[in-house]
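[1] sharing a sequence plus its predicted fold:
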Amino acid sequence: MRSGLVFEAGIKVKNRFLLASTVMRATKKLHIAQTRTEDTVNMVFMEVAKGKQIHAELPKIVPPPTIGTLIAYAD
């Protein structure tokens, strides 16, 4: 059953890492201690698959600062 939910949610969020991160964070925030974690994960996948409340973007990649010029001397 969950594979179908993952497939439907994957249509809305193309990046698998972003999908997993989104579901993980939402599950952590929405989980109630008296319920099974599996049920919460399934609920989150269903909500992502509906696509009503999703707004996710990958952060822009910033290159690391340069260290400096390397000077090599040959003898």
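    Sure, I can see it.
[2] only C-alpha atoms for contact and neighbour calcs from this point on.
    OK.
[3] if you average pLDDT over the helix or strand hosting residue 29, what comes out?
    Following DSSP states H and E, one finds residue 29 within helix 16-30. Helix 16-30 carries an average pLDDT of 90.
[4] okay, residue 58: pLDDT?
    Residue 58 is given a pLDDT of 66.
[5] quick check: residue 23 touching residue 46?
    No: with contact defined as C-alpha atoms under 8 Å, residue 23 does not count as touching residue 46 (10.2 Å).
[6] after the helix holding residue 29, which helix or strand is next? Please name it.
    helix 37-50.
[7] got the contact list for that next one?
    2, 5-6, 8-12, 23-24, 26-27, 30-31, 53-54 (C-alpha atoms under 8 Å, 6 or more residues apart in numbering).
[8] pick out the most distant pair among these.
    11 and 31 (24.0 Å; C-alpha to C-alpha).
[9] so the two - more neighbours on which side?
    Per other C-alpha atoms under 10 Å, whichever of residue 11 and residue 31 has more neighbours is residue 31, with 17 against 12.
[10] please report the distance of the closest residue to that one other than its chain neighbours from residue 23.
    Excluding its sequence neighbours, the residue lying closest to residue 31 (C-alpha to C-alpha, 6 or more residues apart in numbering) is residue 40, at 5.9 Å. Noted for residue 40: a distance of 10 Å to residue 23, by C-alpha to C-alpha, to the nearest Å.
[11] ok, residue 29 to residue 44 distance?
    10 Å.
[12] okay, the two: which has more neighbours?
    residue 44 (22 against 10).
[13] phi, psi for residue 60 please.
    Recorded main-chain torsions at residue 60 are phi -70, psi 140, according to degrees, to the nearest 10.
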